[in-house]
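Enquirer: One predicted model, sequence on top.
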Amino acid sequence: MRTIHVEHPIKDTIQKNSEPCVMALGFFDGVHVGHQEIIKTAKTIADQKGLQLAVMTFFPHPSSVIKKGKQITKYMTPLSVKEAMFEKLGVDLLYVVNFDMQVAQIPHEEFVDSYLCGLQCKHAVAGFDYSYGFKGRGNMAQLNTDADGRFGVTTVEKLEKEEQKVSSTVLRQLISSGRVEKVPSYLGTSYEMLGILRRIGREYRLYIDSDYFLPCPGSYEVTLKSGGLVTKAMCEVASTDRPGELSVRAFYDLPFDDHTPVRLQWKNFIADYQMDAFHAQAPMDELELSI
Ligand SMILES: Cc1cc2nc3c(=O)[nH]c(=O)nc-3n(C[C@H](O)[C@H](O)[C@H](O)COP(=O)(O)O)c2cc1C
Ligand SMILES: Nc1ncnc2c1ncn2[C@@H]1O[C@H](COP(=O)(O)OP(=O)(O)OP(=O)(O)O)[C@@H](O)[C@H]1O
């Protein structure tokens, strides 16, 4: 997979070096099962048409630039993690558009002309609620109009779980309220983080990308994986933690060498940080929908 970082205005050289492609569109934080459906659909079309499979995403999240509503500055999949996941899904080209105020002001028609047609998009794939262009005025019907026969458009229908759209927003709500055990049915796997494990005295620290979105403070049952080795441990999240560091505890020595790259999976909330409130799970509809 080739990653191409794009600044506005897009350079001629990037357009000239582009390849005919099927383009999947979206921010894709978490690369959840709805996102995977978009990319699989785009891959099927790319294979049928003998085209490259491309994804166009943005960084940072538009909300943090436009400063509208809840600003997303931490990610379930920081960019490097998203890149690795796209590669696994068979993506050939990843366009990462640096989202700034100039990009936010691109009218939807110009985005289609310069960023889709300009990068030889022969077919675009996105979900039913994808939006693009100044003030998010472009939608999937508008994309067909803006394409004006220059490329095809496929809209992926809403994927739901328990009558609720599978979304990055729902996942963030689950994680930020400690309900990590509910994550797999939306994400496809447990919520996980990649990091480097270090032993410090009798404790361990996992050094992670400081862009990761953390669960709420508390003690969690986690699984650590590296190579073929898998072990259970406890991870404590505290509001006083240094960014990019997690405290891992185990009742026995962990079977990993110092400095090993480790995959930490969040399995269950055990108790809050003061250990005085034990796991009491409320149903989904009691979740605060404010994140
Ligand atoms: C060229 C361009 C301009 C955009 N301008 C705005 C904007 O003015 N206001 C806004 O809220 N979002 C804006 N967005 C963000 C989109 O509405 C949308 O959040 C983004 O394309 C990611 O799509 P997704 O959330 O469906 O994945 C813009 C997106 C693009 C591609
Ligand atoms: N449940 C879903 N079903 C179908 N398409 C989806 C679903 N969720 C997201 N998509 C599509 O995936 C792409 C990326 O969307 P986006 O990054 O906005 O994800 P999201 O989960 O909707 O996030 P958020 O909750 O922040 O809006 C878009 O094309 C969007 O329409």
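Expert: Here it is on my side, so go on. The shown structure was predicted, so the numbers you read here are calculated from the model rather than taken from an experiment. Ligands and ions are numbered 1, 2, ... in the order given.
Enquirer: Compute the distance between the most far-flung residue of the chain relative to its centre and Asp12, please.
Expert: No residue in the chain sits farther from the centre than Gly201, which is 34.1 Å out by CA atoms, centre = their mean. Applying CB to CB, to the nearest Å, the value for Gly201 to Asp12 is 56 Å. All C-beta atoms are positioned from the backbone trio N, CA, C, and that covers glycine.
Enquirer: Repeat that for Arg202.
Expert: For Arg202, the distance to Asp12 - CB to CB - is 58 Å.
Enquirer: Show residues contacting the longest strand along the chain.
Expert: Scanning the chain for the longest strand, with DSSP state E as the assignment, gives strand 260-271. Where contact means CB atoms under 8 Å, 6 or more residues apart in numbering, the residues beyond strand 260-271 that reach it are 175, 178-181, 183, 189-197, 206, 208, 215, 218-226, 234-235, 246, 248, 256, 277-279.
Enquirer: quick one: which of the residues you listed sit in strands?
Expert: Going by DSSP E, the strands hold 191-197, 206, 208, 218-226, 234-235, 246, 248 from those.
Enquirer: Quick one: buried ones out of the residues you listed?
Expert: With neighbours counted by 16 or more other CB atoms under 10 Å, the ones in strands among the contacts of strand 260-271 contain buried members at 191-195, 197, 206, 208, 218-222, 224, 226, 235, 246, 248.
Enquirer: Could you work out the end-to-end span of stretch 98-114 for me?
Expert: 15 Å (CA to CA, to the nearest Å).
Enquirer: Buried by neighbour count: which residues of it qualify?
Expert: Quick answer for stretch 98-114 (16+ other CB under 10 Å): Phe99, Val103, Ala104, Ile106, His108, Glu109, Phe111, Val112, Ser114.
Enquirer: same thing with stretch 154-164?
Expert: Thr154, Thr155, Val156, Leu159, Lys161.
Enquirer: Flag the least confident of those.
Expert: Lowest pLDDT within these is found at Lys161 (94).
Enquirer: burial measure for the closest residue to ligand 1 within the stretch 101-250 of the chain, as a count.
Expert: Proximity to ligand 1, evaluated over the stretch 101-250 of the chain using CB to the nearest ligand atom, is greatest for Gly136 at 3.0 Å. Per other CB atoms under 10 Å, the neighbour tally for Gly136 reads 14.
Enquirer: so what's the backbone phi/psi at it?
Expert: Here is the backbone geometry of Gly136 (degrees, to the nearest 10): phi 60, psi 30.
Enquirer: okay, it: pLDDT?
Expert: 96.
Enquirer: Next: Asp129.
Expert: 98.
Enquirer: Are we agreed that it is in a helix?
Expert: No. According to DSSP: H, G, I helix; E, B strand; the rest coil, the state of Asp129 is coil, so it is not within a helix.
Enquirer: could you list every residue that touches Ile10?
Expert: Ser114, Tyr115, Gly118, Leu119.
Enquirer: any idea how this structure splits into domains?
Expert: 2-161, 180-282 (automatic domain parsing).
Enquirer: quick one: contacts for the closest residue to Ala233 other than its chain neighbours?
Expert: Of all residues not flanking Ala233 in the chain, Ala250 sits nearest, at 4.5 Å (CB to CB, 6 or more residues apart in numbering). Ala250 makes contact with Tyr204, Thr231, Lys232, Ala233, Met234, according to CB under 8 Å, 6+ apart.
Enquirer: could you dump those to TSV with distance to Ile72 and pLDDT?
Expert: Converted to TSV, the contacts of Ala250 look like this (distance: CB to CB, whole Å; pLDDT from 0 to 100):
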residue	distance to Ile72	pLDDT
Tyr204	29	96
Thr231	32	96
Lys232	31	96
Ala233	29	96
Met234	28	96
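Enquirer: I figured Leu246 was touching Cys235, is that so?
Expert: Yes. Counting by CB atoms under 8 Å, Leu246 does reach Cys235; the two are 5.7 Å apart.
Enquirer: where does the stretch 101-250 of the chain come near ligand 2, residue by residue?
Expert: 126-130, 156, 158-159, 165-169 (CB under 6 Å from any ligand atom).
Enquirer: Recalculate using a threshold of 8 Å.
Expert: By CB under 8 Å from any ligand atom, the residues of the stretch 101-250 of the chain that approach ligand 2 are 125-130, 156-160, 165-172.
Enquirer: tell me, which of those residues make contact with ligand 1?
Expert: Near ligand 1, by the rule CB under 8 Å from any ligand atom, you find Ala126, Gly127, Asp129, Tyr130 out of those.
Enquirer: Secondary structure element holding the first one?
Expert: Applying DSSP states H and E as the criterion places Ala126 in strand 121-127.
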